[in-house]
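Student: Give the three-dimensional model of this entry:
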Amino acid sequence: MGRKTLRFSLGIGVVIAALIFFAISGFQEGKAYYKTIEELNAMGESAYGKRLKVAGYVEDGSIERHGREVSFKLQQDDILLAVRYTGSSPVPDTFKDGAEAVIEGKYHEDGTFEAKKIQAKCASKYEKEYGAARAKTQS
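Tutor: The predicted structure follows:
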């Protein structure tokens, strides 16, 4: 009985340790730091290879589609960031010139950001719809 209990306890301990390891490594994998383009530039070399989220506005006329890959420039004030989207999901319908976008991926030494995820919204569209709906309720 003592030997079976020891083996069973050891087996349970290994399973629990494996679950803890996978939970911690999965959390580290999913963690991304949110930065503005200005903050990304200020990070210098320490930004290379880190998983980051960066927000800005899609520069007018910068979107180029090459099959599933999309290249564009993200803008914050007068600062531009060259972005190459190589994710597996389709680009959102709201992704267009002037749209506010948040990209997630890694910054490379050549100054380009390789995005694996894109979130985009068109604030003007929602503001117009909200304003029209509000006007109806007030009349």
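Student: hey, where'd the strands end up in this protein?
Tutor: All strands of the chain, identified by DSSP state E, fall at 33-36, 51-58, 64-66, 69-76, 79-85, 100-107, 112-121.
Student: Quick one, which of those strands gets closest to Ile24.
Tutor: Across the strands of the chain, Ile24 has its closest neighbour in strand 51-58 (15.7 Å, CB to CB). Every residue, glycine included, has its C-beta placed from N, CA and C.
Student: hmm, back to that, for Leu10, which of the strands of the chain is the nearest?
Tutor: Between the strands of the chain, strand 51-58 lies closest to Leu10; by CB to CB that is 35.9 Å.
Student: How far does the lengthiest helix in the chain sit from its chain's centre?
Tutor: Ranked by residue count and defined by DSSP state H, the top helix of the chain is helix 2-30. Here helix 2-30 is found 31 Å from its chain centre; the criterion is CA atoms, centre = their mean, to the nearest Å.
Student: Equivalent analysis for stretch 74-89, please.
Tutor: Distance of stretch 74-89 from the chain centroid (CA atoms, centre = their mean) equals 11 Å.
Student: residues in contact with that stretch?
Tutor: Residues outside stretch 74-89 that contact it (CB atoms under 8 Å, 6 or more residues apart in numbering) are 36-38, 40-41, 54-59, 68-73, 91, 101, 103, 111-118.
Student: for the strands of the chain, which one sits closest to Gly2?
Tutor: Of all the strands of the chain, it is strand 51-58 that lies closest to Gly2, at 48.0 Å by CB to CB.
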